[in-house]
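Q: let's see this in three dimensions:
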Amino acid sequence: MRWRAAGIAALLAAACALPFLVSNYLVFQLTLVVIYAIALLGLNILAGFNGQISLGHGAFFAVGAYTAAILLDKAGIPYWATVPIAAAVCLVIGFLFGIPALRLEGIYLALATFSLAIAVPQMLKFRGFERWTGGVQGLVIDRGDVPAGLPLNPDQWFYFFCLAIAVAMFWVGANLVRGRVGRAIVAIRDHPIAAASMGIDVSRYKAITFGISAMYNGIAGALSALLAQFVSPDSFSFFLSISLLVGAVVGGVASIWGAVFGAFFIVYVPNWADQLTKAAPWAIYGLVLLGFMYLMPQGLAGLLRLAAERLKSRPSYFR
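A: So this is what the prediction gives:
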(Lines give C-alpha, C1' and ligand atoms only; values in the text may rest on other atoms or scores of the structure.)
Protein backbone atom coordinates (compact mmCIF):
# COMPACT_ATOMS: atom_id res chain seq x y z
CA MET A 1 0.00 0.00 0.00
CA ARG A 2 2.88 2.35 0.74
CA TRP A 3 4.38 1.71 -2.68
CA ARG A 4 1.01 2.28 -4.33
CA ALA A 5 0.49 5.55 -2.45
CA ALA A 6 4.01 6.68 -3.38
CA GLY A 7 3.38 5.82 -7.03
CA ILE A 8 0.11 7.77 -7.11
CA ALA A 9 1.78 10.75 -5.43
CA ALA A 10 4.60 10.65 -8.00
CA LEU A 11 2.10 10.53 -10.89
CA LEU A 12 0.16 13.48 -9.49
CA ALA A 13 3.38 15.46 -9.01
CA ALA A 14 4.36 14.76 -12.62
CA ALA A 15 0.88 15.73 -13.82
CA CYS A 16 1.10 19.02 -11.95
CA ALA A 17 4.56 19.79 -13.32
CA LEU A 18 3.83 19.01 -16.99
CA PRO A 19 1.90 22.21 -17.86
CA PHE A 20 4.96 24.28 -16.97
CA LEU A 21 7.30 22.19 -19.11
CA VAL A 22 5.41 21.89 -22.42
CA SER A 23 3.77 24.18 -24.95
CA ASN A 24 0.18 25.41 -24.70
CA TYR A 25 -0.84 23.04 -27.50
CA LEU A 26 0.44 20.05 -25.53
CA VAL A 27 -1.33 21.39 -22.44
CA PHE A 28 -4.53 21.40 -24.51
CA GLN A 29 -3.92 17.77 -25.52
CA LEU A 30 -3.17 16.75 -21.94
CA THR A 31 -6.41 18.39 -20.83
CA LEU A 32 -8.22 16.27 -23.44
CA VAL A 33 -6.53 13.19 -21.98
CA VAL A 34 -7.81 14.09 -18.51
CA ILE A 35 -11.34 14.66 -19.84
CA TYR A 36 -11.44 11.41 -21.79
CA ALA A 37 -10.08 9.55 -18.76
CA ILE A 38 -13.16 10.64 -16.80
CA ALA A 39 -15.46 9.45 -19.60
CA LEU A 40 -13.65 6.12 -19.94
CA LEU A 41 -13.81 5.51 -16.21
CA GLY A 42 -17.58 5.88 -16.39
CA LEU A 43 -17.78 3.46 -19.29
CA ASN A 44 -15.46 1.04 -17.48
CA ILE A 45 -17.76 1.02 -14.45
CA LEU A 46 -20.65 0.05 -16.72
CA ALA A 47 -19.01 -2.32 -19.17
CA GLY A 48 -16.02 -3.63 -17.24
CA PHE A 49 -17.39 -3.98 -13.73
CA ASN A 50 -21.09 -4.50 -14.46
CA GLY A 51 -20.91 -6.22 -17.86
CA GLN A 52 -23.35 -3.92 -19.71
CA ILE A 53 -22.14 -3.12 -23.23
CA SER A 54 -22.85 0.41 -24.44
CA LEU A 55 -22.37 1.84 -27.90
CA GLY A 56 -24.08 5.11 -27.01
CA HIS A 57 -22.06 6.86 -24.33
CA GLY A 58 -21.18 9.57 -26.81
CA ALA A 59 -24.83 10.64 -26.40
CA PHE A 60 -24.37 11.30 -22.67
CA PHE A 61 -21.12 13.07 -23.51
CA ALA A 62 -23.13 15.32 -25.86
CA VAL A 63 -25.87 15.94 -23.30
CA GLY A 64 -23.30 17.03 -20.74
CA ALA A 65 -21.58 19.31 -23.25
CA TYR A 66 -24.81 20.97 -24.37
CA THR A 67 -26.08 21.33 -20.80
CA ALA A 68 -22.95 23.26 -19.87
CA ALA A 69 -23.01 25.32 -23.08
CA ILE A 70 -26.70 26.27 -22.77
CA LEU A 71 -26.38 27.20 -19.11
CA LEU A 72 -23.33 29.31 -19.83
CA ASP A 73 -24.75 30.96 -22.95
CA LYS A 74 -28.41 31.44 -22.01
CA ALA A 75 -28.47 31.58 -18.21
CA GLY A 76 -25.11 33.20 -17.51
CA ILE A 77 -24.20 30.62 -14.88
CA PRO A 78 -20.48 30.51 -13.92
CA TYR A 79 -18.63 27.87 -15.93
CA TRP A 80 -17.59 25.88 -12.85
CA ALA A 81 -21.23 25.56 -11.75
CA THR A 82 -22.30 24.03 -15.07
CA VAL A 83 -20.28 20.85 -14.42
CA PRO A 84 -22.26 19.52 -11.41
CA ILE A 85 -25.54 20.47 -13.13
CA ALA A 86 -24.50 18.54 -16.25
CA ALA A 87 -23.55 15.62 -14.01
CA ALA A 88 -26.99 15.65 -12.34
CA VAL A 89 -28.84 15.87 -15.67
CA CYS A 90 -26.92 12.92 -17.13
CA LEU A 91 -27.32 10.91 -13.94
CA VAL A 92 -31.10 11.22 -14.16
CA ILE A 93 -31.22 10.54 -17.92
CA GLY A 94 -28.88 7.56 -17.62
CA PHE A 95 -30.89 6.09 -14.75
CA LEU A 96 -34.17 6.52 -16.64
CA PHE A 97 -32.68 4.99 -19.78
CA GLY A 98 -31.28 2.13 -17.73
CA ILE A 99 -34.72 1.11 -16.42
CA PRO A 100 -36.22 -0.07 -19.76
CA ALA A 101 -32.79 -1.31 -20.83
CA LEU A 102 -32.86 -3.81 -17.95
CA ARG A 103 -34.78 -6.21 -20.15
CA LEU A 104 -31.92 -6.20 -22.66
CA GLU A 105 -28.53 -7.86 -22.48
CA GLY A 106 -25.49 -8.32 -24.69
CA ILE A 107 -25.88 -7.30 -28.31
CA TYR A 108 -29.50 -6.23 -27.75
CA LEU A 109 -28.43 -3.67 -25.16
CA ALA A 110 -25.62 -2.60 -27.48
CA LEU A 111 -28.15 -1.98 -30.26
CA ALA A 112 -30.41 0.00 -27.92
CA THR A 113 -27.55 2.27 -26.90
CA PHE A 114 -26.49 2.47 -30.56
CA SER A 115 -29.87 4.01 -31.36
CA LEU A 116 -29.26 6.56 -28.61
CA ALA A 117 -25.93 7.56 -30.13
CA ILE A 118 -27.55 7.97 -33.55
CA ALA A 119 -30.61 9.89 -32.36
CA VAL A 120 -29.09 12.49 -30.03
CA PRO A 121 -26.96 14.37 -32.63
CA GLN A 122 -29.99 14.55 -34.92
CA MET A 123 -32.17 15.85 -32.11
CA LEU A 124 -29.64 18.59 -31.44
CA LYS A 125 -30.13 19.76 -35.04
CA PHE A 126 -33.93 19.85 -34.72
CA ARG A 127 -35.34 23.28 -35.52
CA GLY A 128 -37.62 23.20 -32.51
CA PHE A 129 -34.54 23.15 -30.25
CA GLU A 130 -32.51 25.58 -32.36
CA ARG A 131 -33.21 28.46 -30.01
CA TRP A 132 -31.31 26.62 -27.29
CA THR A 133 -28.84 24.42 -29.14
CA GLY A 134 -27.96 26.70 -32.05
CA GLY A 135 -28.97 24.00 -34.53
CA VAL A 136 -26.34 22.86 -36.99
CA GLN A 137 -24.27 25.96 -36.23
CA GLY A 138 -23.80 25.04 -32.59
CA LEU A 139 -22.95 27.43 -29.78
CA VAL A 140 -19.86 29.52 -29.10
CA ILE A 141 -19.23 30.03 -25.39
CA ASP A 142 -16.71 31.81 -23.20
CA ARG A 143 -15.54 30.22 -19.97
CA GLY A 144 -14.05 33.47 -18.66
CA ASP A 145 -10.62 34.48 -17.44
CA VAL A 146 -8.17 32.94 -15.03
CA PRO A 147 -9.01 33.75 -11.37
CA ALA A 148 -7.16 36.82 -10.20
CA GLY A 149 -3.85 36.26 -8.50
CA LEU A 150 -2.95 32.95 -10.14
CA PRO A 151 0.28 32.96 -12.19
CA LEU A 152 -1.22 30.73 -14.89
CA ASN A 153 -2.32 31.22 -18.47
CA PRO A 154 -5.87 30.13 -19.46
CA ASP A 155 -4.72 26.73 -20.80
CA GLN A 156 -2.78 25.91 -17.65
CA TRP A 157 -5.60 27.02 -15.37
CA PHE A 158 -8.22 24.93 -17.12
CA TYR A 159 -5.88 21.92 -17.13
CA PHE A 160 -5.61 22.11 -13.34
CA PHE A 161 -9.36 22.64 -13.08
CA CYS A 162 -10.00 19.43 -15.05
CA LEU A 163 -7.25 17.56 -13.21
CA ALA A 164 -8.81 18.39 -9.83
CA ILE A 165 -12.19 17.11 -11.00
CA ALA A 166 -10.59 13.98 -12.46
CA VAL A 167 -8.76 13.19 -9.20
CA ALA A 168 -12.03 13.54 -7.29
CA MET A 169 -13.93 11.35 -9.76
CA PHE A 170 -11.24 8.66 -9.75
CA TRP A 171 -11.28 8.63 -5.95
CA VAL A 172 -15.06 8.25 -5.99
CA GLY A 173 -14.87 5.53 -8.66
CA ALA A 174 -12.17 3.57 -6.82
CA ASN A 175 -14.12 3.63 -3.56
CA LEU A 176 -17.32 2.73 -5.39
CA VAL A 177 -16.00 -0.42 -7.07
CA ARG A 178 -14.12 -1.56 -3.96
CA GLY A 179 -17.08 -1.12 -1.64
CA ARG A 180 -20.40 -2.87 -1.19
CA VAL A 181 -21.88 -1.41 -4.39
CA GLY A 182 -18.83 -2.51 -6.38
CA ARG A 183 -19.05 -6.06 -5.07
CA ALA A 184 -22.73 -6.14 -5.99
CA ILE A 185 -22.27 -4.92 -9.58
CA VAL A 186 -19.36 -7.32 -10.14
CA ALA A 187 -21.47 -10.19 -8.80
CA ILE A 188 -24.22 -9.22 -11.26
CA ARG A 189 -21.68 -9.26 -14.08
CA ASP A 190 -20.27 -12.65 -13.15
CA HIS A 191 -23.51 -14.47 -12.30
CA PRO A 192 -26.77 -12.51 -12.13
CA ILE A 193 -28.85 -15.48 -10.96
CA ALA A 194 -26.51 -16.19 -8.06
CA ALA A 195 -26.42 -12.48 -7.21
CA ALA A 196 -30.22 -12.32 -7.11
CA SER A 197 -30.37 -15.44 -4.90
CA MET A 198 -28.04 -13.68 -2.43
CA GLY A 199 -30.48 -10.79 -2.08
CA ILE A 200 -28.96 -8.32 -4.54
CA ASP A 201 -31.58 -6.23 -6.34
CA VAL A 202 -30.24 -6.79 -9.86
CA SER A 203 -32.58 -4.36 -11.59
CA ARG A 204 -31.90 -1.51 -9.19
CA TYR A 205 -28.13 -1.93 -9.28
CA LYS A 206 -28.07 -2.12 -13.07
CA ALA A 207 -30.09 1.09 -13.39
CA ILE A 208 -27.93 2.86 -10.80
CA THR A 209 -24.75 1.74 -12.55
CA PHE A 210 -26.06 3.04 -15.86
CA GLY A 211 -26.86 6.38 -14.24
CA ILE A 212 -23.45 6.69 -12.60
CA SER A 213 -21.72 5.81 -15.85
CA ALA A 214 -23.78 8.45 -17.70
CA MET A 215 -22.91 10.98 -14.99
CA TYR A 216 -19.18 10.47 -15.56
CA ASN A 217 -19.64 11.01 -19.29
CA GLY A 218 -21.77 14.08 -18.65
CA ILE A 219 -18.99 15.60 -16.57
CA ALA A 220 -16.49 14.83 -19.31
CA GLY A 221 -18.80 16.32 -21.94
CA ALA A 222 -19.25 19.53 -19.95
CA LEU A 223 -15.49 19.89 -19.52
CA SER A 224 -14.89 19.25 -23.23
CA ALA A 225 -17.36 22.01 -24.13
CA LEU A 226 -15.62 24.42 -21.77
CA LEU A 227 -12.24 23.43 -23.16
CA ALA A 228 -13.18 23.93 -26.81
CA GLN A 229 -15.52 26.85 -25.99
CA PHE A 230 -17.76 25.55 -28.77
CA VAL A 231 -20.30 22.77 -29.27
CA SER A 232 -21.98 21.46 -32.41
CA PRO A 233 -23.94 18.27 -33.18
CA ASP A 234 -21.27 17.00 -35.57
CA SER A 235 -18.77 16.90 -32.71
CA PHE A 236 -20.72 14.07 -31.07
CA SER A 237 -21.23 11.61 -33.88
CA PHE A 238 -21.49 7.85 -33.42
CA PHE A 239 -17.72 7.65 -33.93
CA LEU A 240 -17.27 9.29 -30.52
CA SER A 241 -19.10 6.38 -28.86
CA ILE A 242 -16.93 3.91 -30.76
CA SER A 243 -13.78 5.79 -29.75
CA LEU A 244 -14.81 5.65 -26.09
CA LEU A 245 -15.42 1.91 -26.31
CA VAL A 246 -12.06 1.40 -28.06
CA GLY A 247 -10.30 3.43 -25.38
CA ALA A 248 -11.93 1.41 -22.61
CA VAL A 249 -10.87 -1.90 -24.17
CA VAL A 250 -7.33 -0.79 -25.04
CA GLY A 251 -6.79 0.66 -21.58
CA GLY A 252 -8.23 -2.40 -19.88
CA VAL A 253 -11.80 -3.11 -18.87
CA ALA A 254 -12.61 -3.61 -15.19
CA SER A 255 -9.65 -1.41 -14.33
CA ILE A 256 -9.58 2.04 -12.76
CA TRP A 257 -6.22 3.04 -14.22
CA GLY A 258 -7.08 1.54 -17.60
CA ALA A 259 -9.15 4.67 -18.24
CA VAL A 260 -5.99 6.79 -18.20
CA PHE A 261 -4.16 4.53 -20.66
CA GLY A 262 -7.19 4.44 -22.93
CA ALA A 263 -7.44 8.24 -22.88
CA PHE A 264 -3.85 8.57 -24.10
CA PHE A 265 -4.69 6.12 -26.90
CA ILE A 266 -7.76 8.10 -27.99
CA VAL A 267 -5.92 11.43 -28.09
CA TYR A 268 -2.50 10.52 -29.44
CA VAL A 269 -2.80 7.46 -31.69
CA PRO A 270 -5.08 9.14 -34.31
CA ASN A 271 -2.78 12.19 -34.36
CA TRP A 272 0.28 9.98 -34.71
CA ALA A 273 -1.35 8.00 -37.54
CA ASP A 274 -2.27 11.23 -39.33
CA GLN A 275 1.31 12.51 -39.06
CA LEU A 276 2.65 9.21 -40.32
CA THR A 277 0.57 9.22 -43.49
CA LYS A 278 -2.00 11.63 -44.88
CA ALA A 279 -3.22 9.07 -47.43
CA ALA A 280 -4.61 6.42 -45.10
CA PRO A 281 -4.35 7.43 -41.42
CA TRP A 282 -7.25 5.21 -40.36
CA ALA A 283 -5.54 2.20 -41.90
CA ILE A 284 -2.60 2.83 -39.57
CA TYR A 285 -5.02 3.35 -36.68
CA GLY A 286 -6.67 0.01 -37.45
CA LEU A 287 -3.35 -1.80 -37.60
CA VAL A 288 -2.24 -0.31 -34.29
CA LEU A 289 -5.56 -1.29 -32.71
CA LEU A 290 -5.25 -4.81 -34.11
CA GLY A 291 -1.75 -5.06 -32.67
CA PHE A 292 -2.97 -3.95 -29.25
CA MET A 293 -5.77 -6.53 -29.27
CA TYR A 294 -3.43 -9.31 -30.38
CA LEU A 295 -0.56 -8.53 -28.02
CA MET A 296 -2.57 -7.20 -25.06
CA PRO A 297 -6.04 -8.78 -25.04
CA GLN A 298 -6.60 -7.53 -21.48
CA GLY A 299 -5.48 -4.02 -22.30
CA LEU A 300 -2.53 -2.04 -21.04
CA ALA A 301 -3.73 -2.25 -17.44
CA GLY A 302 -4.00 -6.02 -17.74
CA LEU A 303 -0.48 -6.24 -19.15
CA LEU A 304 0.94 -4.19 -16.28
CA ARG A 305 -1.00 -6.26 -13.74
CA LEU A 306 0.35 -9.49 -15.25
CA ALA A 307 3.91 -8.12 -15.21
CA ALA A 308 3.54 -7.13 -11.54
CA GLU A 309 2.25 -10.59 -10.62
CA ARG A 310 5.18 -12.27 -12.36
CA LEU A 311 7.65 -10.03 -10.57
CA LYS A 312 6.07 -10.95 -7.24
CA SER A 313 6.25 -14.65 -8.04
CA ARG A 314 9.97 -14.59 -8.92
CA PRO A 315 12.19 -16.09 -6.21
CA SER A 316 14.40 -13.66 -4.33
CA TYR A 317 18.07 -14.57 -3.79
CA PHE A 318 18.67 -11.87 -1.19
CA ARG A 319 16.41 -13.13 1.61
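Q: skipping its backbone neighbours, what lies nearest the most centrally placed residue in the chain in space?
A: By Cα atoms, centre = their mean, the chain has its centre lying nearest to A39, at 1.0 Å. What sits nearest to A39 in space, not counting adjacent residues and going by Cβ to Cβ, 6 or more residues apart in numbering, is A220, at 3.7 Å. Every residue, glycine included, has its C-beta placed from N, CA and C.
Q: what sits against the residue nearest to the centre of the chain?
A: H57, F61, Y216, N217, A220, G221, L244, A263 (Cβ atoms under 8 Å, 6 or more residues apart in numbering).
Q: which residues touch Y216?
A: By Cβ under 8 Å, 6+ apart, the contact list for Y216 reads I38, A39, L41, G42, L43, I45, M169, G173.
Q: counting neighbours, what do you get for the fourth one?
A: G42 is flanked by 31 other residues according to other Cβ atoms under 10 Å.
Q: for it, which non-adjacent residue is spatially closest?
A: Y216 (2.5 Å).
Q: now that neighbour: how far from Y108?
A: Using Cβ to Cβ, to the nearest Å, we find Y216 at a distance of 23 Å from Y108.
Q: now the strands for the stretch 151-300 of the chain?
A: In the stretch 151-300 of the chain, the strands defined using DSSP state E, counting those that start in this stretch lie at 230-231.
Q: and the helices in it, which stretches?
A: 154-178, 180-190, 192-197, 202-228, 238-251, 258-276, 281-295, 299-313 (DSSP state H, counting those that start in this stretch).
Q: out of those helices, nearest to A117?
A: helix 238-251 (4.4 Å; Cβ to Cβ).
Q: can you tell me which of the helices of the stretch 151-300 of the chain is packed in deepest?
A: helix 202-228 (a mean of 26; mean count of other Cβ atoms under 10 Å).
Q: mind listing what A88 touches?
A: A88 touches M215, counting by Cβ under 8 Å, 6+ apart.
Q: and what of F95?
A: F95 touches A207, I208, F210, G211, A214, counting by Cβ under 8 Å, 6+ apart.
Q: okay if I get those as CSV plus pLDDT and distance to L289?
A: Below are those laid out as CSV (pLDDT from 0 to 100; distance: Cβ to Cβ, whole Å):
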residue, pLDDT, distance to L289
A207, 90, 32
I208, 91, 32
F210, 92, 26
G211, 93, 30
A214, 95, 26
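Q: roughly how far does the nearest residue in space to S237 that is not next to it in sequence sit from A62?
A: Sequence neighbours aside, P121 is the residue nearest to S237 in space, at 6.0 Å (criterion: Cβ to Cβ, 6+ apart). Distance of P121 to A62, computed by Cβ to Cβ: 7 Å.
Q: likewise for G173?
A: Taking Cβ to Cβ, one finds G173 at 22 Å from A62.
Q: do G98 as well
A: 18 Å.
Q: higher neighbour count, those two?
A: Per other Cβ under 10 Å, whichever of G98 and A62 has more neighbours is A62, with 28 against 23.
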